[in-house]
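just coords:
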Ligand SMILES: CC(=O)N[C@H]1[C@@H](OP(=O)(O)OP(=O)(O)OC[C@H]2O[C@@H](n3ccc(=O)[nH]c3=O)[C@H](O)[C@@H]2O)O[C@H](CO)[C@@H](O)[C@@H]1O[C@H](C)C(=O)N[C@@H](C)C(=O)N[C@H](CCC(=O)O)C(=O)O
Ligand SMILES: Nc1ncnc2c1ncn2[C@@H]1O[C@H](COP(=O)(O)OP(=O)(O)OP(=O)(O)O)[C@@H](O)[C@H]1O
Ligand SMILES: N[C@H](CCC[C@H](N)C(=O)O)C(=O)O
Ligand SMILES: [Mg+2]
C-alpha cells in the first residue's frame, strides 16, 4: 500500500491544500486513465493542458492532484499540491510509487541521434549471454528476461517506465539497458531515475520540429549527462563533433570510445564485408556479424560499456562476435536471381548516408543500388529534402514513397522530398505514393546482383495513415516479391 506521504517523498511543493494522508492506488497523468484513489498529475503538453482535465480526473475518483496552477475552486475532499514543474513532479511521484526501482538494479541509458536501439539491444543480448538477468527498454520492444512487452515509445512515460523497472527488479534483473530519447529528456520522463551509466552515440540532424534549433536538441541530450551522479560513468564517442561537449558538465566518470581520435577504448576496421566486420578492438582481432562502419562504433560502444561494468574482456568479445543486433537494422535477404534486399531503419540524413556508404563499401562490383525511401509525417520537415538528396547521391535509382504519413498528405511529403533531388538526377527517380507499389517497382527494376535498400521503417509492422495503423512490413514485402525473382 502506498500513501500520499510516501509518494511525495522528495517532492518540492509550494503549496499543499488538504492534509489527509490518503492511500494512493495509482499515478495518472491522463484523466482518461484515472482509477479511484489515483493521484492525478496535471501536465502542460504540446497539444492540450492537463490542468483542463482536473475536474474530469476528480470525477473519475482521483484523491490527490499535483498541478502548477491551482484551479479557481478546489474541493476539500481532494488534496492539491502545487509544484513549479508538473513534468518533474510526475517523474518523482512515479518513481516513489514504484519504490524507486532504478536504484535496485544497474540502469544504463543510451542517447544520441542514431544507434540507441542497436547499442541498447546488443548490451541486453550480451549481458544475458554472460548469464545476467536483464531488462531492455527500446524502440523495437521492451523485454524482461526474454519476455517481450510491446513498446509504444522509444522511452516510455514515467509511470510505465517505473512500472517496467519495478517488474524487472521483481524478476531479479541485475541490469536494465534503455534508450533515452531527446523527447524523453525534455519532457522529464527520466526524472529521478538513478543511472549507473550513460552512453552517447552521435548527434546529427533530427527532430528539429520539436526542438526548433540544433543547439536546443544538443542541450536536451546534454541534460542527460549533466544529471548523471558522480559514481556513474559517462561514455562518449570522441569521434563525434559534439562528443566532448556532451560530457562538459557531468559529475560522472568521463570515458570515451573512438575509431579515429584519442580515446579510452579504441578500435580499427580491418575488414568491412557483407558477412561482417573484422575489428582490431582494444588490441584483439575479432570478427563480428554486424555490418558497416557505423556498427563498428556501436560494437565499440557496447564493448566499452561492458568493460566499465567490469566484465571479462575475452568473454565479452566472444559473445559479442555472435550477436546480430536489433530487428530491421541492416537486415538483408537474397532472391533466387541474386538480387539483394536490405531493410534498414535509416530515417535521418546521417543514417541514410551511413547505410548507403556502407553498401558502396561492401558491394563486390558495379551492382546498381536502388533505394526506396520516404519521410514520416508530423515529424521534422526540414530533413525531407536532405534525405532525398542523400539517397540520390548514393544510389543509381531512387523511388520516393510514403513512410508513415500520419495526419499529413503523403503527396505533399513526397513533393518536399523532391525539392532535394538534383535536376540532373531527376530521370533516375520516380515517386510512388503507395509503399507496396514502390517496393514492387524496385524489384521489377532490379537486375541480378543489384541491391535494393528499403529505408526508414525497419522493424515497424505497420504504416500509420490518419491515426490508423495498417499492417505493413518492409521485409515481408521484399520476401513476397523475391520469390518470383528467378
Ligand atoms: C510530442 C510528444 O512527444 N508528445 C508526448 C507528450 O504528449 P503531449 O505533450 O502532446 O500531451 P498533450 O496531448 O498535449 O496532453 C497534455 C496532458 O494532458 C493530458 N490529457 C489529455 C487529454 C485528456 O482528455 N486528458 C488528459 O489528462 C495528457 O495525458 C497529457 O498529460 O507526452 C505523452 C505522454 O508521455 C506522449 O505520449 C506524447 O508522445 C507522442 C504520442 C509522440 O508521438 N511522441 C514522439 C514524438 C516521441 O516521444 N518520440 C520519442 C523518440 C524520438 C526519437 O526517435 O529519438 C520517444 O521517446 O518515443
Ligand atoms: N552509430 C551509428 N551512427 C550512425 N548511424 C547509425 C548508427 N547506428 C545505426 N545507424 C543508422 O541509424 C538507423 C537507426 O538505428 P537505431 O535504431 O539503432 O537508432 P536509434 O537511435 O535507436 O533511432 P530512434 O531515434 O528512432 O530510436 C540504423 O538503421 C542505421 O541506418
Ligand atoms: N523515433 C522516430 C522514428 C521515425 C521512424 C519513421 N518510420 C517515421 O515514422 O518517421 C521518430 O518518432 O521520429
Ligand atoms: Mg531507437
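All right, it came through fine. Worth saying up front: this structure is predicted, and the values here are computed from it rather than measured. Ligands and ions are numbered 1, 2, ... in the order given.

in the stretch 151-300 of the chain, what residue is nearest ligand 2?
residue 294 (3.7 Å; Cβ to the nearest ligand atom). (Glycine included, C-beta is placed from N, CA and C.)

any idea how many residues pack against that residue?
Neighbours of residue 294 under the rule other Cβ atoms under 10 Å: 24.

same thing with residue 407?
10.

can you check residue 415 too?
Taking other Cβ under 10 Å as the criterion, the count of residues near residue 415 is 13.

quick check: next helix or strand after the helix or strand hosting it?
Secondary structure from DSSP states H and E places residue 415 in helix 410-418. Where DSSP H and E defines the elements, the next helix or strand beyond helix 410-418 is strand 429-431.

so which elements touch that next one?
strand 397-400, helix 410-418 (3 or more Cβ pairs under 8 Å, 6 or more residues apart in numbering; DSSP states H and E).

out of the ones you listed, nearest to ligand 2?
Of all the helices and strands packed on strand 429-431, strand 397-400 comes closest under Cβ to the nearest ligand atom, at 16.3 Å.

listing partners with orientation, what would you give for the closest one?
Within its sheet, strand 397-400 is paired with strand 369-373 (parallel), strand 429-431 (parallel), according to DSSP bridges.

list the buried residues for the helix holding residue 415?
Buried residues in helix 410-418, counted by 16 or more other Cβ atoms under 10 Å: 410, 413, 414, 416, 417.

so who does the residue lying farthest from the centre of the chain touch?
Largest separation from the mean C-alpha position in the chain: residue 76, at 43.0 Å (Cα atoms, centre = their mean). If you count contacts by Cβ atoms under 8 Å, 6 or more residues apart in numbering, residue 76 has them with residue 18.

helix or strand for it, which one?
Using DSSP H and E, residue 76 sits within no helix or strand.

distance of it relative to residue 136?
As judged by Cβ to Cβ, to the nearest Å, residue 76 and residue 136 stand 45 Å apart.

where does residue 449 fall, phi/psi-wise?
Backbone torsions of residue 449, given as degrees, to the nearest 10, read phi 90, psi -20.

who does the one helix or strand residue 442 maps to touch, helix- and strand-wise?
Residue 442 is part of helix 435-445 when elements are defined by DSSP H and E. The criterion is 3+ Cβ pairs under 8 Å, 6+ apart, and the helices and strands that helix 435-445 contacts are strand 369-373, strand 397-400, strand 451-455, helix 474-482.

list the contacts of the helix holding residue 415.
373-375, 377, 381, 384-385, 387-388, 400-403, 405, 429, 431, 433, 465.

what number of residues lie near residue 216?
14.

tell me the spacing between it and residue 369.
Taking Cβ to Cβ, one finds residue 216 at 35 Å from residue 369.

for residue 407, same thing?
32 Å.

how about this protein: which residue is closest to ligand 1?
residue 45 (2.2 Å).

residues from this protein in reach of ligand 3?
154, 347, 376, 379, 403, 404, 456, 457, 460 (Cβ under 6 Å from any ligand atom).

from the residues you listed, pick the one nearest residue 257.
Comparing those against residue 257 with Cβ to Cβ places residue 154 closest, at 22.0 Å.

wait, doesn't that closest one sit right on residue 139?
Yes - assessed by Cβ atoms under 8 Å, residue 154 is found in contact with residue 139 at 4.5 Å.

now do the shared contacts for these two.
Taking Cβ under 8 Å, 6+ apart as the contact rule, residue 154 and residue 139 both touch 116, 117, 179.

narrow these to those that are buried.
116, 117, 179.

can you sort out which of these also neighbour ligand 4?
Filtering those for neighbours of ligand 4 using Cβ under 5 Å from the ion leaves 116, 117, 179.

among the shared contacts of residue 154 and residue 139, which are in strands?
Of the positions in those, residue 179 sit in strands, assigned by DSSP state E.

would you turn the shared contacts of residue 154 and residue 139 into a markdown table with pLDDT?
Output for the shared contacts of residue 154 and residue 139, formatted as a markdown table (pLDDT from 0 to 100):
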| residue | pLDDT |
| --- | --- |
| 116 | 98 |
| 117 | 98 |
| 179 | 98 |
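
please consider this matter closed, and thank you.
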